[in-house]
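Chemist: 3D model of this:
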Amino acid sequence: TASAVLHCAADTVFSRPVDEARRTNTDGTRHLLEVVDGWRRPVRLAHVSTAFVAGRATGDIAERATDGAHGWVNGYEQSKWEAEALVRAHAPDATILRSSTIVADVDGTVRQHNAVHRALRAYHAGLAAMLPGTADRALDTVPGDWTCDAVARLALAPEAAGSTFHLCAGAGALPLDELLDRTWARWAREESWRRRGVARPAIADLETWTLFERSVHETGNARLA
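Modeler: This is a model prediction of the structure:
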């Protein structure tokens with residue numbers, strides 16, 4: 001008989017409509033809770049969530065201060081927030097583990113490509129003349145093997161029951177400006193890439209980026225979009 005359950009299944013495609021994201025992230029969590037409730041023996045439950053359940057909220061955000069009042073950037077964030085709410089309501093002693101964006105293992109091995117990799121690929125190809133953000137704002141990313149180790153340790157730690165943890169880089173996260181500098185310097189070691197004359201992308205504020213985005217869509221050019 002199982003003594004602990006680690007729930008880490010999720011649909012991590014950010015572009016899905018919220019109703020589609022819910023099928024896995026919210027409804028899947030609800031189904032797991034129903035299954036666990038039917039077992040005779042109580043079990044430890046750990047639920048892997050995301051650091052982005054805070055959605056559009058800004059500033060310092062405590063582990064439980066996520067009421068959804070500010071809305072979400074996409075259906076993934078909303079569906080994961082709803083899943084957390086289900087876990088807290090049905091299993092108040094569950095451990096909730098909020099992972100930041102995983103980009104690679106500690107040794108640099110990339111096991112799955114996500115939005116960070118796609119943005120850097122566009123930059124490397126010279127297709128990203130502009131990126132939204134603020135130069136000193138950190139891009140929080142974490143190694144996959146470090147995250148797995150943290151999940152395993154906290155999921156089985158009795159003292160972690162009923163708590164929520166952020167598995168993030170925090171103060172160790174790179175500012176966007178430094179990330180762009182480092183990647184440019186690394187790629188510039190290759191003479192063939194240097195000859196292409198790819199410029200480091202400009203960092204645009206939200207208002208400028210929104211105007212740029214609208215202009216791209218208005219052109220109707222699928223390649224630009």
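
Chemist: from here on, just use CA atoms for contacts and neighbour counts.
Modeler: Fine.

Chemist: residue at max distance from the center of the chain?
Modeler: Taking Cα atoms, centre = their mean, the residue of the chain most remote from its mean C-alpha position is residue 40, at 35.1 Å.

Chemist: host element of it?
Modeler: Using DSSP states H and E, residue 40 sits within no helix or strand.

Chemist: so what pLDDT did it get?
Modeler: We have a pLDDT of 83 for residue 40.

Chemist: so what strands line up beside the lengthiest strand in the chain?
Modeler: Counting by DSSP state E, the longest strand found in the chain is strand 44-50. Strand 44-50 sits in its sheet next to strand 4-7 (parallel), strand 95-99 (parallel), going by DSSP bridges.

Chemist: residue contacts, the most centrally placed residue in the chain?
Modeler: Centroid check for the chain by Cα atoms, centre = their mean gives residue 101 as the closest residue, at 3.9 Å. By Cα atoms under 8 Å, 6 or more residues apart in numbering, the contact list for residue 101 reads 140, 141, 142.

Chemist: got phi/psi on the residue nearest to the second one when sequence neighbours are not counted?
Modeler: So the one you mean is residue 141. Leaving aside its chain neighbours, residue 141 sits nearest to residue 101 (4.8 Å; criterion: Cα to Cα, 6 or more residues apart in numbering). Dihedral pair for residue 101: phi -80, psi 120, per degrees, to the nearest 10.

Chemist: flag every buried residue along the worst-scoring helix or strand of the chain on mean pLDDT.
Modeler: Across the helices and strands of the chain, mean pLDDT, DSSP states H and E gives its lowest value to helix 206-219, namely a mean of 85. Neighbour counts over helix 206-219 (16 or more other Cα atoms under 10 Å) mark residue 209 as buried.

Chemist: for that helix, name the packing helices and strands.
Modeler: strand 130-132 (3 or more Cα pairs under 8 Å, 6 or more residues apart in numbering; DSSP states H and E).

Chemist: compute the inter-axis angle for the longest helix seen in the chain and strand 44-50.
Modeler: Determined from DSSP state H, the single longest helix within the chain is helix 75-90. Compare the direction of helix 75-90 with that of strand 44-50 by axes from the mean of the first three to the mean of the last three Cα atoms, to 10 degrees and you get 160 degrees.

Chemist: where does this structure dip in pLDDT?
Modeler: For the chain, the stretches flagged by pLDDT under 70 are 64-66, 221-225.

Chemist: can you give me the strands in it?
Modeler: Under the criterion DSSP E, the chain contains strands at 4-7, 44-50, 95-99, 101-104, 130-132, 138-139, 141-143, 164-167, 174-175, 202-204.

Chemist: the fourth one: how far from the chain's middle?
Modeler: Its chain's C-alpha centre and that of strand 101-104 lie 8 Å apart, by Cα atoms, centre = their mean, to the nearest Å.

Chemist: cool, and the third one?
Modeler: In terms of Cα atoms, centre = their mean, the gap separating the centre of strand 95-99 from the centre of its chain is 12 Å.

Chemist: need the contact partners of stretch 48-65.
Modeler: Outside stretch 48-65, the residues that reach it (Cα under 8 Å, 6+ apart) are 6-8, 66, 68, 70-73, 77-78, 80-81, 84, 96-100, 151, 164-168.

Chemist: tell me the contacts of the nearest residue to residue 180 once chain neighbours are set aside?
Modeler: Nearest non-adjacent residue to residue 180, counting by Cα to Cα, 6+ apart: residue 200, 6.9 Å away. Shown in contact with residue 200 (Cα under 8 Å, 6+ apart): 123, 129, 180, 181, 184.
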